[in-house]
Structures are given as structure tokens and as C-alpha cells.
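Q: Attaching a predicted model along with its sequence, questions to come.
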Amino acid sequence: KKILTDAFSRVGPGKDSVYGRRIVADLPMNKGRTTGAFYFTNGKLYTLEATVLPANGNYASPYPGRFIDSIEFALSRTEPGAVELHAPKVE
């Protein structure tokens, strides 16, 4: 319905940086606010999306942004004990 923010985004420092786009939008019919990030690297498009529903009412919450910022493309920079998620096999 209404785009509130449309900006460049970056994950990782220096030569390991991956650049993308971050968008924050109000959903139609007062169904909440969505934050989305899109990155294209190594021939793949990555999409992250977090939605705050009206029932929660706190559109200024930092949690959607924290979720979006939790992605890491350079596994050498991950925390010890981090879990690597694998994409499901496509048949």
C-alpha cells in the first residue's frame, strides 16, 4: 500500500560484503507493516521478510530489523556454534 523506506543494504564488511535492497511497507487494509530485504550473490536471490501484525501494534519494534540483519553470507565470520541451514532439494 505505502512504501515507507526503500534503501540500499549491506551484509558483511570489506571484500565479503554483499549489497542488496531493504524495503519497509505498510500492508493494504491495515494488515500490518512488512520489512523485506533482497540480496543477489553467487547466482542466487535471497529474500528475507518480517511482518509486524496490527495486534502487536508496535511498528517501531527493532525485532524485524534484527531478523533481517541476522543473515551472513561469509561463513568464516559466523559465531561458534552457529547452525548452517541448507536449502531443500528440488526434484
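A: Nice, thanks for sending it over.
Q: Got the phi and psi for the most centrally placed residue in the chain?
A: Central residue of the chain (CA atoms, centre = their mean): Ile68, 3.0 Å from the mean position. When read as degrees, to the nearest 10, the backbone of Ile68 gives phi -60, psi -40.
Q: you'd agree it is up against Arg22?
A: Yes: counting by CB atoms under 8 Å, Arg22 is a contact partner of Ile68 at 6.8 Å. C-beta here means a position set from N, CA and C on the backbone, and glycine is covered the same way.
Q: Which neighbours do the two have in common?
A: Taking CB atoms under 8 Å, 6 or more residues apart in numbering as the contact rule, Ile68 and Arg22 both touch Ser9, Thr35, Gly36, Ala37.
Q: host element of the second one?
A: Same thing as Thr35. Under the criterion of DSSP states H and E, Thr35 resides in strand 33-41.
Q: and that strand, what does it pack onto?
A: Helices and strands touching strand 33-41, by 3 or more CB pairs under 8 Å, 6 or more residues apart in numbering; DSSP states H and E, are strand 2-11, strand 18-26, strand 44-52, helix 63-69.
Q: follow-up on the earlier one: reformat the shared contacts of Ile68 and Arg22 as JSON lines; add neighbour count, distance to Glu84 and pLDDT.
A: Listed next are the shared contacts of Ile68 and Arg22 as JSON lines, based on neighbours: other CB atoms under 10 Å; distance: CB to CB, whole Å; pLDDT from 0 to 100:
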{"residue": "Ser9", "neighbour count": "17", "distance to Glu84": "22", "pLDDT": "89"}
{"residue": "Thr35", "neighbour count": "21", "distance to Glu84": "24", "pLDDT": "90"}
{"residue": "Gly36", "neighbour count": "16", "distance to Glu84": "23", "pLDDT": "92"}
{"residue": "Ala37", "neighbour count": "21", "distance to Glu84": "19", "pLDDT": "93"}
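Q: This completes my enquiry, with thanks.
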